[in-house]
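In: following is a predicted model, sequence given first.
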Number of protein chains: 2
Amino acid sequence: MRNIRLDICYDGTRYKGWQRLGSAENTVQGKLEQILSRILDEEIEISGSGRTDAGAHAKGQVANFHTVSKMPCPDILSALRRYLPEDIGIYSCKEVSDRFHARLNARSKTYVYRIWNSEKPCVFDRRFVYTLPEMLDLEKMQQAARLFLGQHDFSAFNANKKMKKSTVRRIDSLEVCRKENEICITVTGDGFLYNMVRIIVGTLIEVGLSQRDAETVSALFGAKREEAGHLVPARGLCLMEVTY
Amino acid sequence: MRNIRLDICYDGTRYKGWQRLGSAENTVQGKLEQILSRILDEEIEISGSGRTDAGAHAKGQVANFHTVSKMPCPDILSALRRYLPEDIGIYSCKEVSDRFHARLNARSKTYVYRIWNSEKPCVFDRRFVYTLPEMLDLEKMQQAARLFLGQHDFSAFNANKKMKKSTVRRIDSLEVCRKENEICITVTGDGFLYNMVRIIVGTLIEVGLSQRDAETVSALFGAKREEAGHLVPARGLCLMEVTY
């Protein structure tokens, strides 16, 4: 069996996230599996580096699958590009060592969350930003962001109530910067709980609106979900990179 | 009567162009007039700097309209922003001198045409680029572009067969540049005939694909429509600026 790695991007607007649910419809994984199975004439199951939420995007999703097919990778790539809808793109398709597993081998992930912080219209990138016209205090947000660094119990930043496993995760960097009307929040960590990035962003926004003091963030580690901030919309979220 | 100027942007993907046709449906002008008439409780007719094609975009469209309403401009602006669909945006709304007319006073216009010149996917800007994977020869295109400068009879670059008026226009600049996988063609002139920018781009593409010699462009002035290049899709076209 060959092991094939795909580097994938998608505009997640019209999908119910990465992970295939019952039927193949309306998930990115489902769409890819459906087309790969047709191209390779074999039932294909792919593993992504992780799920992305319904409506969230990816510029650096990684997945792998096994196949008995002998079709060369460039041919798989061009067939995929021909049959995939225009909101899913494949950067590369290559054969990798049998040991490679997109999810199990992932060492860190980077997400970006984009906030359009202006009353002016954001027509062309509207699907990829969360619009919040109230002016955010960048300095306060940056102050709060520093407190997230390192290893903590992110129980308060986890929307999965049935989660039995550890909610301890490590955040390696969390940057908040403004480019003209846009605020970008870039976070890298060893892994993220369900909705964790969007709850971190919601918490930072509450700090930026002076609804919450920056210092209070430290008290959220190990706390209950309702103590952390609100969940921001998925449309602003994009998986940028997975490292192995 | 007050005279109000609007600076407008739109993602033209789902519109039949700027100009209102019979009914108000599915044109940018129609949509704006419908909402302005409701806001100001008065039949509003607006003049744009010019038509844009079905499917083409604008980041710098200018329009004006007259009204007897006393509603302050900031209130008109926020009402417009509230009621317009998210693919039409208003940058500014201000009262101008009675003599200002968006179309008649326009001195020059700048358009950009974006070509995605790669086999790689262009997922996030797909609505705003024309995808052409065959590699284009930039130098040849730049050589041909220089021949367009100045005043010429653009009869061969005019898709309006019923046009009785002069087809002489002046091109002040025409630049072709590459940024990574994208080729941007930026053109400024005193005015453009129907489909003129898209036929100029089609001609430049034929030069870039070596289907047409750069020098032959000069022979196209005063020629017939069929001698110039093909019409490229509207999705790559964006009206960037109108100067007065």
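Out: Now that the structure is in, tell me what you want to look at. As the structure is a computational prediction, the values presented were derived from the model and not from experiment.
In: who in chain A is up against chain B?
Out: Contact residues (C-beta under 8 Å from any C-beta of the partner chain) of chain A with chain B: A:9-11, A:57, A:59, A:78, A:81, A:86-91, A:119-124, A:126, A:128. Every C-beta, even on glycine, is put in place using the N, C-alpha and C of the backbone.
In: try 7 Å this time
Out: By C-beta under 7 Å from any C-beta of the partner chain, the residues of chain A that approach chain B are A:9-11, A:81, A:86-91, A:120-121, A:123-124, A:126, A:128.
In: if any of the residues you listed are buried, put those into a PyMOL selection.
Out: Typed into PyMOL, the line below selects the buried ones among these, using 16 or more other C-beta atoms under 10 Å in any protein chain shown:
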select buried, chain A and resi 9+10+11+81+87+88+89+90+91+120+121+123+124+126+128
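In: quick one: which two of the residues of chain A next to chain B are the most distant?
Out: Largest separation among those by C-beta to C-beta: A:81 and A:120, giving 35.7 Å.
In: circling back: filter the residues of chain A next to chain B down to just the ones in strands.
Out: Among the residues of chain A next to chain B, the members falling in strands are A:9, A:10, A:88, A:89, A:90, A:91 (criterion: DSSP state E).
In: so the first one touches residue B:121, yeah?
Out: Read that as residue A:9. Yes. Residue A:9 is within contact range of residue B:121, at 6.4 Å (criterion: C-beta atoms under 7 Å).
In: which neighbours do the two have in common?
Out: When C-beta atoms under 7 Å, 6 or more residues apart in numbering or on different chains defines a contact, the residues bordering residue A:9 and residue B:121 alike are residue A:89.
In: buried sites along stretch A:111-125?
Out: Buried positions in stretch A:111-125, judged by neighbour count with 16+ other C-beta under 10 Å: A:111, A:112, A:113, A:114, A:115, A:116, A:117, A:120, A:121, A:122, A:123, A:124.
In: contact partners for the closest residue to the fourth one other than its chain neighbours?
Out: Spatial nearest neighbour of residue A:114, chain neighbours left out: residue A:129 (4.5 Å); criterion: C-beta to C-beta, 6 or more residues apart in numbering or on different chains. When the contact criterion is C-beta under 7 Å, 6+ apart, the partners of residue A:129 are A:114, A:115, A:116, A:122, A:182, A:236.
In: what is the burial count for residue A:104?
Out: 9 (other C-beta atoms under 10 Å in any protein chain shown).
In: state the distance from it to chain B.
Out: Using C-beta to the nearest C-beta, to the nearest Å, one gets 27 Å for the distance from residue A:104 to chain B.
In: any low-confidence regions in chain A?
Out: In the predicted model, chain A carries pLDDT under 70 at residues A:23-24.
In: report the outermost residue of chain A with respect to its centre.
Out: residue A:70 (32.0 Å; C-alpha atoms, centre = their mean).
In: name the element it belongs to?
Out: Taking DSSP states H and E as the definition, one finds residue A:70 inside no helix or strand.
In: tell me the contacts of it?
Out: Applying C-beta under 7 Å, 6+ apart to residue A:70 gives no contacts.
In: phi and psi next, for it.
Out: Main-chain torsions, residue A:70, degrees, to the nearest 10: phi -100, psi 10.
In: okay, now residue A:157: neighbour count?
Out: Number of residues near residue A:157 (other C-beta under 10 Å) recorded here: 29.
In: repeat for the one 5 residues further on
Out: Residue A:162 sits with 5 neighbouring residues when counted by other C-beta under 10 Å.
In: do the same with residue A:135
Out: Residue A:135: 11 surrounding residues under other C-beta under 10 Å.
In: could you say which helix or strand contains it?
Out: Here residue A:135, judged by DSSP H and E, is contained in no helix and no strand.
In: same check, this time on residue A:183
Out: Residue A:183 is located in strand A:182-189, with elements delineated by DSSP H and E.
In: that strand: what's the following helix or strand?
Out: Remark: after strand A:182-189, the chain's next helix or strand is helix A:196-208, criterion DSSP H and E.
In: quick check: residue A:110 touching residue A:243?
Out: No. Between residue A:110 and residue A:243 there is no contact under C-beta under 7 Å: 8.0 Å.
In: in stretch A:2-21, what counts as buried?
Out: Residues A:3-12, A:15-18, A:20 are the ones in stretch A:2-21 that count as buried (16+ other C-beta under 10 Å).
In: no no, stretch A:144-161
Out: A:144, A:145, A:147, A:148, A:152, A:154, A:155, A:156, A:157, A:158.
In: in helices, which of those residues fall?
Out: Judged by DSSP state H, those include A:144, A:145 as members of helices.
In: can you lay out the buried residues of stretch A:144-161 as a markdown table showing distance to residue A:221?
Out: As requested, the buried residues of stretch A:144-161 are exported to a markdown table (distance: C-beta to C-beta, whole Å):
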| residue | distance to residue A:221 |
| --- | --- |
| A:144 | 13 |
| A:145 | 14 |
| A:147 | 9 |
| A:148 | 9 |
| A:152 | 4 |
| A:154 | 7 |
| A:155 | 8 |
| A:156 | 7 |
| A:157 | 9 |
| A:158 | 12 |
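In: just name the closest of the buried residues of stretch A:144-161 to chain B, please.
Out: Distances from chain B to these, taken as C-beta to the nearest C-beta, are shortest for residue A:145 (25.6 Å).
In: so that closest one sits against residue A:174, correct?
Out: Yes. If you go by C-beta under 7 Å, residue A:145 and residue A:174 touch, sitting 4.4 Å apart.
In: give me the domain ranges for chain A.
Out: Taking automatic domain parsing as the domain assignment, the ranges for chain A are A:2-96, A:108-243.
In: and the buried residues of stretch A:2-21, which is closest to residue A:228?
Out: Of all the buried residues of stretch A:2-21, residue A:17 has the smallest distance to residue A:228: 21.7 Å, by C-beta to C-beta.
In: pretty sure the closest one is touching residue A:58, no?
Out: No. Contact criterion C-beta under 7 Å: residue A:17 and residue A:58 do not qualify, at 10.4 Å.
In: shared neighbours, these two?
Out: residue A:52.
In: all the strands of chain A, residue numbers only.
Out: In chain A, the strands defined using DSSP E lie at A:2-10, A:46-48, A:57-67, A:88-96, A:108-116, A:130-131, A:150-153, A:168-179, A:182-189, A:237-243.
In: ok, the contacts of residue A:129 vs chain B, which is closest?
Out: residue A:122 (7.3 Å).
In: coming back round to it: how about TSV for the contacts of residue A:129, with distance to residue A:48 added?
Out: Formatted as TSV, these follow (distance: C-beta to C-beta, whole Å):
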residue	distance to residue A:48
A:114	22
A:115	26
A:116	28
A:122	29
A:182	28
A:236	20
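In: can you tell me the distance between the two ends of stretch A:45-62?
Out: Counting by C-alpha to C-alpha, to the nearest Å, you get 14 Å between the two ends of stretch A:45-62.
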